[in-house]
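>>> A predicted structure for the sequence below; I have some questions about it.
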Amino acid sequence: MPFSELDSKQLYRAFHSRHSLASFEREDGSLTVEAGEVHWIYCGVEGDFQQPEVQATLDAYFPGERVCLCISRGDCSLVDRSGVAQRIGEVLAKKEVGVMDEEGRRLMFFTKIGVYERGVYVEYPKSRERDVGSLLQVGLHGNMVDATTGHVPDLVYDAFEELERSLSCDYGGSMEHLWIDLELVEHHIKDGQGYPFRFQKRVSVGNPYYYNVGHYSVVPDFQTIRSMKHEQVYPYVLRLIYESTEVLVKKAKRLGGFDAQAFRRDFLSVCEGIGYALDEED
């Protein structure tokens with residue numbers, strides 16, 4: 001539906017939906033989805049509001065004569081671009097303000113403290129094929145802990161980091177990302193089991209989307225891992241995760257011919273390279 005046919009609440013939702021998926025400008029004008037890299041530009045508020053400079057920026061950034069001005073759920077509409085800076089200056093100390101072109105592609109967002117960002121909304125597809133030759137991106141996580149397992153992530157961090165780096169290879173098939181979570185909060189576990197392997201065509205975790213994601217979790221024996229000496233935790237966790245990757249062999253056909261056996265061989269090789277010779281008979 002064209003934005004001109006939306007009421008105020010619909011227009012407000014449309015802006016914020018697109019804002020959450022937009023890429024924003026760095027200082028050099030390139031685009032990023034990383035919040036820490038976004039270039040925020042000072043414009044001031046109330047008596048310090050730089051109305052002429054803001055209007056000049058609006059005129060340069062938005063090609064059309066009209067833009068969508070979003071102040072609140074009850075105050076969003078298509079307006080003449082020429083008067084937008086004045087309206088922003090009137091409300092900015094009290095409200096956040098969004099501005100978007102009629103096509104919903106270019107956006108500006110002003111905060112109450114008097115800075116703004118500029119970005120571009122991209123329509124992401126619901127699914128896509130993995131590019132031939134692209135490398136698998138592995139993520140090993142043990143982020144949630146309790147008082148009895150809080151030491152574990154520090155003990156395995158270096159190993160996880162090396163596995164993630166070294167297993168970034170082309171294993172074929174359709175999977176682009178493999179996320180394995182090490183469960184470290186016992187009361188989060190139902191029936192002693194983690195969540196099973198699932199393959200998702202598109203996953204929204206922050207921005208942008210991740211495509212073709214395999215994801216599952218691994219559960220340790222909590223009594224065992226709590227009683228271990230620190231030097232025993234490292235090989236125990238590696239063995240646990242290696243054994244869990246048998247699920248990839250079982251799912252290889254579903255994953256478009258993903259070479260799970262090569263992945264497992266590489267896993268063993270990396271473990272050996274970091275000082276723990278894990279083998280099939282270990």
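Now that the structure is in, tell me what you want to look at.
>>> Could you identify the helix or strand that succeeds the longest strand along the chain?
Ranked by residue count, the top strand of the chain under DSSP state E comes out as strand 210-218. Later in the chain than strand 210-218, the nearest helix or strand by DSSP states H and E is helix 222-227.
>>> what is the rounded mean pLDDT of that next one?
Averaged over helix 222-227, pLDDT sits at 94.
>>> Give me the helices and strands touching it, please.
Under the contact definition 3 or more Cβ pairs under 8 Å, 6 or more residues apart in numbering; DSSP states H and E, helix 222-227 sits against helix 230-244. (C-beta placed from N, C-alpha, C; glycine too.)
>>> what's the burial count for the residue nearest to Q137 when sequence neighbours are not counted?
Spatially, and ignoring its direct neighbours in sequence, Q137 is nearest to H177 (4.8 Å; Cβ to Cβ, 6 or more residues apart in numbering). H177 sits with 18 neighbouring residues when counted by other Cβ atoms under 10 Å.
>>> partners of H177 in the sheet?
Bridge pairing for H177 (DSSP bridges) gives the partners Q137, V213.
>>> In this structure it contacts S134, no?
No - with contacts defined as Cβ atoms under 8 Å, H177 does not count as touching S134, sitting 10.6 Å away.
>>> how near is the residue nearest to Q137 to V152?
To V152, H177 is 23 Å away according to Cβ to Cβ, to the nearest Å.
>>> for G257, same thing?
Counting by Cβ to Cβ, the gap from G257 to V152 is 35 Å.
>>> And the two? Which one has more around it.
V152 (22 against 12).
>>> which neighbours does the helix-or-strand element of the chain with minimal mean pLDDT have in its sheet, and in what orientation?
Across the helices and strands of the chain, mean pLDDT, DSSP states H and E gives its lowest value to strand 31-32, namely a mean of 88. Sheet pairing of strand 31-32 (DSSP bridges) gives strand 22-25 (antiparallel).
>>> Please work out the average pLDDT along the strand it pairs with.
Mean per-residue pLDDT for strand 22-25: 92.
>>> for K9, what are its contacts?
For K9, the contacting residues are R73, G74, C76, by Cβ atoms under 8 Å, 6 or more residues apart in numbering.
>>> tell me which element it is part of?
If you go by DSSP H and E, K9 is part of helix 8-20.
>>> I180 too?
strand 177-182.
>>> and if you look at P196?
Here P196 is assigned to no helix or strand, by DSSP H and E.
>>> quick one: low-confidence parts of the stretch 1-150 of the chain?
Where the stretch 1-150 of the chain drops to pLDDT under 70, the residues are 1.
>>> Apply 90 and report the result again.
Applying pLDDT under 90 to the stretch 1-150 of the chain flags the ranges 1-5, 20-21, 31-35, 63, 122-126, 143.
>>> Can you show me the helices along it?
Assigned by DSSP state H, counting those that start in this stretch, the helices in the stretch 1-150 of the chain fall at 8-20, 51-61, 84-91.
>>> how distant is the longest one from the center of its chain?
Between the mean C-alpha location of helix 8-20 and the chain-wide mean there is a distance of 20 Å, by Cα atoms, centre = their mean, to the nearest Å.
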